[in-house]
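> This is a predicted model, with the sequence first.
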Amino acid sequence: MDILNAIIQGIVQGLTEFLPVSSSGHLAITQHITGMQEDNLFFSVMLHIGTLAAVVAVYIKLILKLLKAFGLMVKDIFTGKFKWSKMDKERNMVMMVIIGLLPLFLLFIPIPGTDMKIKDLADMFAKSGYFVIVGVSLMVTSILLFLGDLKNKHTTKLYAEKGLIKEGGSAGRKRYSVKDALTVGITQCCAAIFPGVSRSGSTLVASELRGINKQAALDYSFILGTPAIIAAAILEGKDVLFPDEGTKITIDVLPVVVGMIVSAVVGFFAIKLFKWLLKTDRMYIFIVYTGIIGLAVFIISMIELSNGINIFTNQPLVF
């Protein structure tokens, strides 16, 4: 891998991991057009670590508060002093993140009649023969973002009419309930299955539809996604650290370091950009973008399915 390729992949990873446009969907599109499958697991792990560094850099103060709250909460549980009704906002966030992560275990449920688990559907849907699913999923992301934006505007209008917020303020609840957390967690699972459904976008919308303040919803979405990024890095890193017998892994250090740094820097500014666009009600940018890209992919996939050929590579579709 050369430096230029590492930079390009770092930019794509940093942008699509956090903006509500679906990193898995864009990866599937890139692979479909080029006919190249990403097989550098170590590089993929490093890009994930880069994006993780971006989340930590943006949310370092909140993360430290949550870690402190988690430690004190564990202490109170073992000493019998913990009371659910008296949790402060940091403890509430910690508990809701834990609850929100529980649905991820659903991804490891075996699919009857196959040797696959639910999580394996994501790899299957990324194949060229299922390109139509990427297009539909991107259009679903567009619709979800539209509904979330509509709900947020409605909530803001109601709060303003009741005098609960000042002009230009942000409406909605700032604390999550168990039902809120489970709803977002299940949404995150669905996003993990379908390449094209944005994780950050769909979890944000799930919170907004539950009446959560949009900025609080975005913060929760990114904090909830942090363990998911760590898990992805661990799962991919396992194959790097413990390769199959006879498998030789060569590492070109400079491109890896460059890619990781680029993904971290781009990811940092992507998060900042997303927060600003949400605050200034410019979500229509992502609504239009994912809608157009999704429609284009859908049309192309229909043409390909009728011919049985990938029009970019002239190779037979793979199912």
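Right, received. Where do you want to start?

> show me where the stretch 101-250 of the chain has strands.
In order along the chain, the stretch 101-250 of the chain carries no strands (DSSP state E, counting those that start in this stretch).

> List the buried residues for the lengthiest helix in the chain?
Looking across the chain with DSSP state H, the single longest helix is helix 41-78. Judged by neighbour count using 16 or more other C-beta atoms under 10 Å, the buried positions of helix 41-78 are 41-55, 58-59, 65-66, 69-70, 72-73. Backbone N, C-alpha and C define where each C-beta goes, glycine included.

> Find the residue ranges of this protein scoring beneath the pLDDT cut-off.
For the chain, the stretches with pLDDT under 70 are 1, 37-41, 167-169, 236-251.

> centroid residue for it?
Centrality entry for the chain: nearest residue to the mean C-alpha point is residue 199, 3.2 Å, by C-alpha atoms, centre = their mean.

> so how far is residue 296 from that residue?
22 Å (C-beta to C-beta, to the nearest Å).

> Same check on residue 209?
From residue 209 across to residue 296, the span is 27 Å (C-beta to C-beta).

> Same drill for those two, tell me which one is more crowded.
Regarding residue 209 and residue 296, a neighbour count based on other C-beta atoms under 10 Å identifies residue 209 as having more, with 20 against 13.

> got a list of what the residue nearest to the centre of the chain touches?
Counting by C-beta atoms under 8 Å, 6 or more residues apart in numbering, residue 199 touches 22-23, 188, 191-192, 221, 225, 228.

> All the helices of the protein, residue numbers only.
Under the criterion DSSP H, the chain contains helices at 3-18, 23-34, 41-78, 89-101, 121-125, 131-161, 178-193, 199-209, 214-241, 253-279, 284-307.

> So for residue 171, which of those helices sits nearest?
helix 131-161 (3.6 Å; C-beta to C-beta).

> looking just at contacts, which helices and strands does the closest one meet?
Under the contact criterion of 3 or more C-beta pairs under 8 Å, 6 or more residues apart in numbering; DSSP states H and E, helix 131-161 touches helix 23-34, helix 199-209, helix 284-307.

> How far away from the center of its chain is the second one?
Right, the one you point to is helix 199-209. Distance, stretch centre to chain centre, for helix 199-209: 10 Å (C-alpha atoms, centre = their mean, to the nearest Å).

> Run a quick neighbour tally on residue 265.
17.

> Am I right that it is in contact with residue 14?
Yes - with contacts counted by C-beta atoms under 8 Å, residue 265 reaches residue 14, the gap being 7.0 Å.

> ok so, going back, can you tell me which of the helices and strands packed on helix 131-161 is nearest to residue 277?
Taking C-beta to C-beta, helix 284-307 is the member of these nearest to residue 277, at 6.6 Å.

> Just the buried residues of the closest one, please?
286-287, 289-291, 293-294, 297-298, 300-301, 304.

> So which elements touch that helix?
For helix 284-307, the elements it packs on are helix 131-161, judged by 3+ C-beta pairs under 8 Å, 6+ apart.

> I'd like the buried residues of helix 284-307 written out as JSON lines, with distance to residue 183 added.
Listed next are the buried residues of helix 284-307 as JSON lines, based on distance: C-beta to C-beta, whole Å:
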{"residue": "286", "distance to residue 183": "21"}
{"residue": "287", "distance to residue 183": "21"}
{"residue": "289", "distance to residue 183": "25"}
{"residue": "290", "distance to residue 183": "21"}
{"residue": "291", "distance to residue 183": "24"}
{"residue": "293", "distance to residue 183": "27"}
{"residue": "294", "distance to residue 183": "24"}
{"residue": "297", "distance to residue 183": "28"}
{"residue": "298", "distance to residue 183": "28"}
{"residue": "300", "distance to residue 183": "33"}
{"residue": "301", "distance to residue 183": "30"}
{"residue": "304", "distance to residue 183": "36"}
